[in-house]
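**Student:** Prediction below, plus the sequence it came from.
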Amino acid sequence: MAILGIGYIFTFVMGAILSLMGGGGALLTVPILVYFFKISPTHAPLLSLVVIGFLSFVGSLRNVFNKSIHYLYAFLIAAPGALGIYFARTILLPKVPATLPVFSTGFIIQKSSLIMFLFVTIMFNAGRNMIWPPKKITNKSGKFGSRLNPKVYLVVSGFLIGILAGFSGAGGGFLIVPALVLAGGLDIKKAIVTSLFIMGIQSTAGVFLSLGPSRLYQELSILGPILLISLVGFGVGTRLRNQLSAEKLKSVFGYFVIAMATVISVMEIIKISKGALHAS
């Protein structure tokens, strides 16, 4: 019972972070579902997309009426993103074998651990970029705009982010926001609300294509308490967004993500080691 309580606390925090940052919620959602709610790592990414899609879609409703969403850029990323999720969930992921040898060491890694390590890699990279952001390049005067049409870049980015989302359950906000700022030239606040709108469409469409309406309804009923608590956190995050320093939040969240990724890495290494000892 205590484990569930802690899980619900982290669920609340996840909702608040998603609202504040326009992304990063799934970085917490998958580990929360796996370690606190005992959902398998192979199924957790899909449930994470359900949660992120629900929060992003509901959270974007107020922004639909105040003209803070860039709809063209949202479509250019969301449409190919939904296809990327479907491609990853129905074609790529089923082809990954249940167990894989680790080079010639004799160790065997399970498919679930492989997914978690992929997710950890994403977490480390996202945390590093939040603490030490890459140098800003504008599409008007920098190298970016002279090499590739921004709209083409957004379409390609959307598809690749969708594949990432389908594999790991990450909504991709921590990649969508930089793409909108660097390629689209949007200011950070408009990029955040546009990112939420994109994740709402992309995640919902990708999950709908992968599950169908009947199974999607079943998953929503199972995730009821998680959706409700994360929505409360999302509302709190919305209120705090204009009161707290975005730069400070990014730094704190970056360190938190790196710390959590480290813990997950250690836990997975221990699990693999125990499995190797048991097999021997």
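**Tutor:** Yep, that arrived. Residues are numbered from 1 along each chain as shown.
**Student:** tell me the pLDDT at the residue lying closest to residue 204 once chain neighbours are set aside?
**Tutor:** Nearest residue to residue 204, sequence neighbours excluded (CB to CB, 6 or more residues apart in numbering): residue 53, at 4.0 Å. Just so you know, the C-beta spots here come from the backbone N, C-alpha and C atoms, and that holds for glycine as well. Listed pLDDT for residue 53 reads 83.
**Student:** Against residue 217, how distant is residue 53?
**Tutor:** Distance of residue 53 to residue 217, given as CB to CB, to the nearest Å: 14 Å.
**Student:** Of the two, which one has the most company?
**Tutor:** Neighbours per residue (other CB atoms under 10 Å) separate residue 53 from residue 217, with residue 53 holding more: 24 against 11.
**Student:** Pretty sure the more buried one sits against residue 198.
**Tutor:** No. Shown here, residue 53 and residue 198 do not form a contact pair, counting by CB atoms under 8 Å, at 10.6 Å.
**Student:** got the buried residues for the helix or strand hosting residue 239?
**Tutor:** Of the helices and strands defined by DSSP states H and E, residue 239 is found in helix 224-240. For helix 224-240, the buried set under the neighbour-count rule, 16 or more other CB atoms under 10 Å, comprises 226-227, 229-231, 233-234, 236-238.
**Student:** got it, and stretch 151-163?
**Tutor:** Buried, per 16+ other CB under 10 Å, within stretch 151-163: 153-155, 157-159, 161-163.
**Student:** ok, how many other residues are close to residue 207?
**Tutor:** 29.
**Student:** need the contact list for it.
**Tutor:** Residue 207 sits next to 46, 49-50, 53, 85, 216, 219 when contact means CB atoms under 8 Å, 6 or more residues apart in numbering.
**Student:** Of these, which belong to helices?
**Tutor:** 46, 49-50, 53, 85, 216, 219 (DSSP state H).
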